[in-house]
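> Could you work out the structure for the sequence below:
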Amino acid sequence: MQSITRENLAFIINTLRQIAGIDLSEEQEYLIIDKLSPVAKLTNHATVNNLINTIRIHPSSRIMESICDALTTNETLFFRDKIPFDTLKNEILPEVIHTQKDTQKLRIWSAACSSGQEPYSIAILIAEHFPELTNWNIEILASDISERALKKAEQGVYREFEIQRGLTPDLIARYFTNKNEVWQILPRLREKIYFERRNLLDPFHSIGPVDIVFCRYVLIYFDTMVKKLVLDNIASILSPNGYLFLGSAESVVNVTGSLERVPGTVPYYRQHTPQRKISPLDAGKIGLTPFAKK
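Below you'll find the predicted structure:
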C-alpha cells in the first residue's frame, strides 16, 4: 500500500487549507492517497508521494486544481433533502413574490453547486409551481471550486442513475430530453443559470445582493475560522429579506453572530442584526454587475 511522508502529508494538508479551506487531518492519509492516485497516474507520477514531491519543488496551479477537484466530494442529487425545496416553494418564494412584485427581480446563488443538480432543481421548482414568475428577471448563479464538477453542471447531461435520484418520471419527461442513453436538461432551463468557478475563500462583493443562497454540505469541510469567514461574507451580500439554506448537519451556532435561524421547524437563516444593505441601485453605483454567462 502507498504511503506519504510526514513532510509531504503536512504540506498537502496545509496547502489545501490555505487555498480552498478544506480541513483534512493526518488520520485521513488513506483518503488522500485514494483520491489523489488517479491524479498521480494522469500526471505520470508513480506514486502520490512522488506527485506531492513534484509540486513542492515545481508548484503548478493546474495540478493543484486537479488535486482540489479530487479531494472535493461532489456527491449530490436532485431535490436533495426535499425539505429546503418545500420551504422554498411554500414559504420563501411566495414572500418574495409579494415583497418584490414591483421590481420583479429575483437573484439566487447555489454555492458549491457540484455537478449542477441543485441549481437545476431550483429552476425546475420555479418552472413547475410559479408561472407568475415567467416574466420576472430571475438570475441563478451556480458556482463551485471544482472545474471538473462545474463543467458537468454546465453541460447538464446526466446518466440514467443520476437522473432518477430525486426526480419523478413526470419531471424527467418535462425538463429533459433523452439522447444516446443520457439525459440532457432542456435549454430553456439551462439558459436561466450562470456558471462560475468560485473559491468560497475569495471575496463575495462582486456577487451581491442575493435574495436566496443555498450553501449546503460544504461548511462541513471547513474549520471554525473558515466557516465564520464564509458565513459572514454570505450575510454581507444577502438582500434585506434574503435567506440562507445550509446542509442538514450544518449550523451557524457558535460560529458567527451575523446570521440567525428563522423560527420554525425548518432550519434556514437570515441576517441577525441590521447591516447596511446593498440595494440594486447601490450595486450599480459601486460596479456590481449581473451574473454573466461564460
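> Local confidence estimate at residue 274?
What the model reports as pLDDT for residue 274 is 50.
> ok, now residue 290?
We note a pLDDT of 53 for residue 290 in this prediction.
> cool, residue 196 as well?
As predicted, residue 196 sits at a pLDDT of 94.
> Ignoring the adjacent residues along the chain, who's closest to it?
The shortest distance from residue 196 to any non-neighbouring residue, by CB to CB, 6 or more residues apart in numbering, is to residue 143 (4.8 Å). Every residue, glycine included, has its C-beta placed from N, CA and C.
> Over to residue 223?
Nearest residue to residue 223, sequence neighbours excluded (CB to CB, 6+ apart): residue 23, at 4.6 Å.
> Using CSV, write down the CA coordinates of stretch 66-86.
C-alpha atoms of stretch 66-86 as CSV (Å, rounded to 0.1, in the frame of the first residue of the first chain):
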residue,chain,number,x,y,z
SER,A,66,-6.7,18.8,-10.2
ILE,A,67,-5.8,17.9,-6.6
CYS,A,68,-8.6,20.2,-5.2
ASP,A,69,-11.1,18.6,-7.7
ALA,A,70,-10.1,15.1,-6.5
LEU,A,71,-10.4,15.9,-2.8
THR,A,72,-13.7,17.8,-3.1
THR,A,73,-16.6,15.4,-2.5
ASN,A,74,-19.2,16.0,-5.2
GLU,A,75,-22.0,13.7,-4.0
THR,A,76,-25.4,15.2,-4.8
LEU,A,77,-28.8,14.5,-6.2
PHE,A,78,-31.8,16.4,-7.5
PHE,A,79,-34.0,18.0,-4.8
ARG,A,80,-31.6,16.7,-2.1
ASP,A,81,-33.2,16.5,1.3
LYS,A,82,-36.6,17.8,-0.1
ILE,A,83,-37.4,19.9,2.9
PRO,A,84,-35.4,23.0,1.8
PHE,A,85,-37.1,22.9,-1.5
ASP,A,86,-40.6,22.5,0.1
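> Look at the residue lying closest to residue 201 once chain neighbours are set aside and report its pLDDT.
Closest residue to residue 201 apart from its sequence neighbours, by CB to CB, 6+ apart: residue 21 at 5.1 Å. Reported pLDDT at residue 21 in the predicted model: 77.
> Settle this for me: residue 21 is touching residue 200, isn't it.
Yes: contact between residue 21 and residue 200 holds when scored by CB atoms under 8 Å: they sit 6.5 Å apart.
> which residues are common contacts for these two?
Both residue 21 and residue 200 are contacted by residue 230, under the criterion CB atoms under 8 Å, 6 or more residues apart in numbering.
> separation between the residue nearest to residue 201 and residue 28?
Distance from residue 21 to residue 28, counting by CB to CB, to the nearest Å: 15 Å.
> what about these two, which has more around it?
A side-by-side neighbour count of residue 21 and residue 28, using other CB atoms under 10 Å, places residue 21 first with 21 against 15.
> what residues are up against that one?
200-201, 221-223, 226, 229-230.
> ok, those residues vs residue 37, which is closest?
Comparing the contacts of residue 21 against residue 37 with CB to CB picks out residue 221 as the nearest, at 20.1 Å.
> quick one, what contacts the closest one?
21-23, 72-73.
> will you turn the residues you listed into TSV that also has distance to residue 11 and secondary structure?
Formatted as TSV, the contacts of residue 221 follow (distance: CB to CB, whole Å; DSSP: H, G, I helix; E, B strand; the rest coil):
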residue	distance to residue 11	secondary structure
21	17	coil
22	14	coil
23	15	coil
72	18	coil
73	21	coil
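> And the helices in the stretch 151-294 of the chain?
Taking DSSP state H, counting those that start in this stretch as the test, the helices found in the stretch 151-294 of the chain are 160-163, 169-175, 187-190, 224-237, 280-285.
> The stretch 1-150 of the chain too?
Taking DSSP H, counting those that start in this stretch, the helices of the stretch 1-150 of the chain run over residues 6-20, 29-42, 48-57, 61-71, 83-87, 93-99, 117-129, 147-155.
> Single out the most deeply packed of the ones you listed.
Neighbour counts (mean count of other CB atoms under 10 Å) averaged over each of the helices of the stretch 1-150 of the chain peak at helix 117-129, with a mean of 22.
> Kindly reformat the helices of the stretch 151-294 of the chain as CSV containing mean neighbour count.
Below are the helices of the stretch 151-294 of the chain laid out as CSV (neighbours: other CB atoms under 10 Å):
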stretch, mean neighbour count
helix 160-163, 14
helix 169-175, 14
helix 187-190, 14
helix 224-237, 19
helix 280-285, 12
